[in-house]
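# How does the following fold in three dimensions:
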Amino acid sequence: MTKKDKEIKQLLDNEVENRNKNDEINYDKPDPLLIARRYDDEFIILLCALFAYGNAKLIVKFLDSLDFSLLEKSDEIIDKELDKFYYRFQNAQDIKMIFKTFKRMKNEDSLNNIFVNAYKKENSILEGIDALIQKIHNISNYNSQGFTFLVSSPFKRDKTGLIKENGNAPYKRWNMYLRWMVRDDNLDLGLWKNIDKKDLILPLDTHTFKVSQKLGLLDRKNYDLKSALLITDKLKEFDKTDPIKYDFSLYRIGQEKIM
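Modelled structure (predicted):
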């Protein structure tokens with residue numbers, strides 16, 4: 001490890017130690033995890049992750065307004081209660097449909113099972129994510145721009161069937177969900193087993209992307225899946241068993257304009 005890498009590692013290790021505290025997330029320092037950590041339901045937590053785009057305070061405000069018990073109610077009640085709800089790119093119909101879809105999925109199988117069955121073939125986080133996305137689209141049988149943005153599209157693949165690194169978005173909200181569900185500390189929830197945290201991928205957003213460039217963790221200009229994988233590989237040099245422990249610190253460094 002070079003001298004510069006050692007300095008970066010020390011900086012990030014210090015940030016991890018300082019921020020791995022329950023009070024790091026609150027209404028003054030909002031994060032969608034503030035709402036997600038109130039629940040142990042994988043579907044509710046996924047809703048918190050999928051709506052986690054845009055301004056953090058507005059994300060938390062919207063999530064606070066949702067009645068997640070609707071996942072146990074009839075379609076008619078879901079339609080009535082969510083009729084005037086919208087969030088950025090999602091209209092009321094999109095929000096109703098994700099609730100109805102998750103309600104149906106809860107009665108069929110767990111998200112953990114669907115994910116692990118695809119992941120375990122080659123310890124591929126991406127295959128697990130793709131299996132969940134495809135399942136949601138199949139169950140919903142619904143198509144709109146807002147819904148597709150919320151859930152994401154299945155990964156683009158090459159002629160051999162492998163997921164492309166170039167040409168795919170970073171799938172930040174899905175990788176963030178997996179960080180929450182797999183890692184277990186004062187921030188993350190650790191509700192899912194049978195997934196190795198060393199396989200997790202950095203939830204690359206605009207903050208972590210810019211900070212990673214400034215620190216020298218990334219020398220690419222493309223905001224895509226390949227960049228997320230490259231930064232993850234670099235972070236494995238700092239901690240090969242838990243590289244994504246650095247994600248929240250990188251995010252806060254950018255959000256708080258420390259760098």
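
# For the rest of this, base every contact and every neighbour count on C-alpha atoms.
OK.

# shaky segments in the stretch 1-150 of the chain?
The model of the stretch 1-150 of the chain has no residue with pLDDT under 70.

# switch the cut-off to 90
Applying pLDDT under 90 to the stretch 1-150 of the chain flags residues 1, 5, 22-23, 121.

# which stretches of it form helices?
Listed in chain order, the helices of the stretch 1-150 of the chain (DSSP state H, counting those that start in this stretch) span 3-19, 33-36, 42-50, 56-65, 75-81, 92-106, 111-119, 125-140, 145-151.

# will you turn those into a markdown table that also has distance to Leu187?
Output for the helices of the stretch 1-150 of the chain, formatted as a markdown table (distance: least, CA to CA, whole Å):
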| stretch | distance to Leu187 |
| --- | --- |
| helix 3-19 | 9 |
| helix 33-36 | 8 |
| helix 42-50 | 14 |
| helix 56-65 | 16 |
| helix 75-81 | 31 |
| helix 92-106 | 25 |
| helix 111-119 | 20 |
| helix 125-140 | 21 |
| helix 145-151 | 24 |
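
# Now Phe147: closest residue in space that isn't a chain neighbour?
Asp94 (5.3 Å; CA to CA, 6 or more residues apart in numbering).

# Could you list which residues are in contact with that neighbour?
144, 146-147 (CA atoms under 8 Å, 6 or more residues apart in numbering).

# Most neighbours of all those, which one?
Phe147 (21 neighbours; other CA atoms under 10 Å).

# and of the helices of the stretch 1-150 of the chain, who's closest to Asn222?
helix 125-140 (19.0 Å; CA to CA).

# need the contact list for the closest residue to Lys240 other than its chain neighbours.
Of all residues not flanking Lys240 in the chain, Lys198 sits nearest, at 6.4 Å (CA to CA, 6+ apart). Counting by CA under 8 Å, 6+ apart, Lys198 touches 240-244.

# which among these gets closest to Tyr251?
Taking the contacts of Lys198 together and measuring to Tyr251 by CA to CA, the closest member is Ile244, at 11.4 Å.

# how near is the closest residue to the closest one other than its chain neighbours to Asn107?
Excluding its sequence neighbours, the residue lying closest to Ile244 (CA to CA, 6+ apart) is Leu202, at 5.8 Å. As judged by CA to CA, to the nearest Å, Leu202 and Asn107 stand 31 Å apart.

# Comparing those two, which residue is more hemmed in?
Neighbour count, other CA under 10 Å: between Leu202 and Asn107, Leu202 has more, with 30 against 9.

# That one contacts Asp247, doesn't it?
Yes: between Leu202 and Asp247 there is a contact under CA atoms under 8 Å: 6.4 Å.

# Identify the residues contacting Leu229.
With CA under 8 Å, 6+ apart, Leu229 has these contacts: 201-202.

# does it sit in a helix or strand, and which one?
helix 225-236 (DSSP states H and E).

# got the angle for that helix vs helix 3-19?
Going by axes from the mean of the first three to the mean of the last three CA atoms, to 10 degrees, helix 225-236 is angled at 90 degrees with respect to helix 3-19.

# Perfect, I'm done here.
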